[in-house]
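After the sequence you'll find the predicted model.
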Amino acid sequence: MKTLVFGALLCAIALVACSAKEAALRSEEARPPTAAILYMTPTAAPTFVPTVARYSPTATSVDPAEAEPSSLEPATCERVLTAQYAAASDHCLAGPDGNFCSGGLPPIVEPDIGALGAPGAIVDAARVDSLHSPPVGLARGGGLVWLRLEDSLQVHAVFIGDLQIRNRAPANSTIPKWRSLTVESGDMPSDCDLAPKRGALILQSVYGESAQLTINGVAAEINGTLIVITQGSATRFIAIEGRSRLTAFGQSVDLYVGQQLNLRYGDGDWTRPVQLPGSPVLLDYDLIEHLPIALFERPLPIPQPGYARTQGGVNMRAAPNIESRLLFQVPAGETMSVLGASVDRQWLHIRLGNGETGWMSAELLARNLGQNGPVYDLTPAPPQRLGAYADLATVNVPAGGNLREAPDTAFRIRRGLPFGEEVNLLARSPYSPWVKVDANGDIGWMALFTLTTKAVISSLPIDYNVPLPLRANPTPSVAFFSYGGGHAYPDPSGGY
């Protein structure tokens with residue numbers, strides 16, 4: 001009898017378990033699938049031009065919180081992020097003026113929620129009242145959005161990750177849309193140490209121009225690159241290039257490269273600060289360390305906290321030693337960002353406002369710097385764009401362009417390249433607006449004006465191993481762009 005009762009009990013337990021399993025399966029089947037876009041680089045060797053692959057959703061969805069990998073090795077993390085950023089670059093980096101462009105996961109747009117529903121989608125900036133881009137996620141892609149207002153406001157913007165912006169320019173006024181806006185950024189926890197940690201707005205004035213905006217109730221005159229991040233009840237205005245002037249309650253503060261201004265706000269109200277602007281402090285490097293600078297309209301290295309300034313004419317050299325090539329002499333009064341220092345800390349690796357980089361003796365400079373910057377003796381390569389816009393150029397001369405042996409018309413023509421032929425950019429000249437190119441394995445030099453490209457020419461390395469044309473003056477002088485210093489692109493007379 002006991003045996004029969006025990007057996008019946010086991011059967012009842014089994015039936016309940018089966019019913020529960022079937023209910024779980026039915027519940028799982030009822031859940032709608034979640035669309036996902038994954039970016040892959042299915043090549044044997046690493047490449048900066050990944051294949052973009054859209055994967056159909058599976059029959060069962062994955063909770064977004066569960067989609068993130070539990071941990072990633074640094075090499076894997078870098079590869080995944082690079083693939084995401086390169087795909088976003090291909091979608092949006094060369095977009096038209098006056099538009100938002102989504103490079104990753106769709107942001108929430110008001111009033112037209114689905115206006116940016118796919119990577120590469122664009123929408124007229126005048127049609128958007130607010131936008132909220134999603135966090136950067138390693139498994140699911142990321143929120144990456146561009147806004148170009150070159151013609152109207154002289155500014156380009158990039159939205160990195162969890163960021164909400166709202167237009168605050170009155171509808172019935174002469175103030176252009178987006179001249180006044182509010183920004184709120186969110187945390188982006190990640191198991192990848194190379195991923196950005198917080199949503200950020202990157203604002204870059206058009207080269208050589210001044211952009212004037214009102215951001216979170218602060219009037220900002222931007223000459224260079226300004227990053228805006230909110231954290232807690234504060235807005236952080238961070239200068240990583242040039243100089244900006246910030247004004248609140250009639251009080252103005254000049255913000256130099258390597259500095260930030262912190263302003264407090266009322267709970268949830270980003271329309272105006274609750275304090276007068278104080279003195280700038282050294283930038284918080286941890287906030288901006290892993291921003292994808294290759295996605296900026298004008299890529300530039302993240303500077304160290306603080307800046308350096310010439311007190312007299314100071315020589316800039318190609319390497320941190322007195323025997324290295326003299327690039328040019330920088331006059332007194334130039335404020336420069338500091339990228340790093342030599343191992344012995346006797347030399348500083350600096351960046352001028354026109355984008356040129358080099359080494360200067362630390363003892364010859366006035367400095368306002370943080371304590372713990374990177375040290376190295378081998379000059380790192382400047383940042384360049386990713387994907388299709390990294391180094392591709394096209395011959396734009398109807399009659400064809402000449403490929404020469406060195407960067408000047410005085411040198412022999414190797415051969416002509418027909419209109420429309422694509423070449424890869426390798427380097428730039430140390431004394432002329434020419435670039436070194438690879439034309440299907442044939443290496444030579446072409447005048448920059450004969451090519452159309454979206455690459456950032458100032459990010460190409462300078463090839464100093466070229467012969468000097470007879471008419472050039474090889475002696476560096478106090479003239480800012482004499483022989484040896486390369487050329488400032490896109491405009492030698494511009495800068496910050």
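Noted; the coordinates are in hand. These numbers were taken from a predicted model, which means no experiment stands behind them.

how many neighbours does residue 157 have?
The number of residues packed near residue 157 is 23, by other Cβ atoms under 10 Å. Bear in mind the C-beta positions are built from the backbone N, C-alpha and C, glycine included.

Now do the same for it: its pLDDT.
Per-residue confidence at residue 157 stands at 96 (pLDDT).

quick one: what helix or strand has it in it?
Using DSSP states H and E, residue 157 sits within strand 155-160.

and that strand, which strands flank it?
strand 144-149 (antiparallel), strand 200-205 (antiparallel) (DSSP bridges).

what's next to it, contact-wise?
Here strand 155-160 makes contact (Cβ atoms under 8 Å, 6 or more residues apart in numbering) with 107, 131, 133, 136, 143-150, 165, 196, 199-206, 211, 213, 222, 291-292, 295-298.

still on that earlier bit, tabulate the strands paired with strand 155-160 (a markdown table), appending mean neighbour count.
As requested, the strands paired with strand 155-160 are exported to a markdown table (neighbours: other Cβ atoms under 10 Å):
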| stretch | mean neighbour count |
| --- | --- |
| strand 144-149 | 25 |
| strand 200-205 | 25 |
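
Quick one: these as JSON lines, columns for mean pLDDT too.
JSON lines is the format used below for those (pLDDT from 0 to 100):
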{"stretch": "strand 144-149", "mean pLDDT": "95"}
{"stretch": "strand 200-205", "mean pLDDT": "96"}
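
what's the closest of the ones you listed to residue 259?
Nearest of those to residue 259, taken as Cβ to Cβ: strand 200-205 at 15.5 Å.

ok, back up a step: I'd like to know which of the strands paired with strand 155-160 lies nearest to residue 444.
For residue 444, the closest of these is strand 200-205, at 32.9 Å, according to Cβ to Cβ.

Toward the C-terminus, what is the element adjacent to that closest one?
Per DSSP H and E, strand 200-205 leads on to strand 211-215 as the next helix or strand towards the C-terminus.

Just the residues contacting that next one, thanks.
Taking Cβ under 8 Å, 6+ apart as the rule, strand 211-215 contacts 153-155, 168, 178-183, 203, 205, 219-223, 228, 235, 237.

Please compute how far that strand lies from its chain's middle.
Relative to the chain's own centre, strand 211-215 is displaced by 20 Å; criterion: Cα atoms, centre = their mean, to the nearest Å.

That strand versus strand 155-160: what angle between them?
Interaxial angle, strand 211-215 versus strand 155-160 (axes from the mean of the first three to the mean of the last three Cα atoms, to 10 degrees): 40 degrees.

quick one: buried residues of strand 211-215?
211, 213-215 (16 or more other Cβ atoms under 10 Å).

Stretch 451-459 now?
So, applying 16+ other Cβ under 10 Å, buried residues of stretch 451-459: 451, 453-459.

Among those, which ones are in strands?
451, 453 (DSSP state E).

closest to residue 259 among the buried residues of stretch 451-459?
residue 458 (23.2 Å).

any idea what sits nearest that closest one, other than its immediate chain neighbours?
residue 355 (4.1 Å; Cβ to Cβ, 6 or more residues apart in numbering).

quick one: the helices in the stretch 151-300 of the chain?
For the stretch 151-300 of the chain, applying DSSP state H, counting those that start in this stretch gives helices covering 285-288.

quick one: the strands in it?
Ranges of strands in the stretch 151-300 of the chain, per DSSP state E, counting those that start in this stretch, are 155-160, 163-167, 180-185, 200-205, 211-215, 218-231, 234-248, 251-256, 259-266, 269-273, 281-282.

could I get the ones you listed as CSV with distance to residue 463?
Listed next are the strands of the stretch 151-300 of the chain as CSV, based on distance: least, Cβ to Cβ, whole Å:
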stretch, distance to residue 463
strand 155-160, 29
strand 163-167, 39
strand 180-185, 41
strand 200-205, 27
strand 211-215, 34
strand 218-231, 27
strand 234-248, 25
strand 251-256, 32
strand 259-266, 35
strand 269-273, 48
strand 281-282, 36
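
re the thing from before, closest to residue 342 out of the strands paired with strand 155-160?
Nearest to residue 342, of all those, is strand 200-205, at 29.3 Å by Cβ to Cβ.
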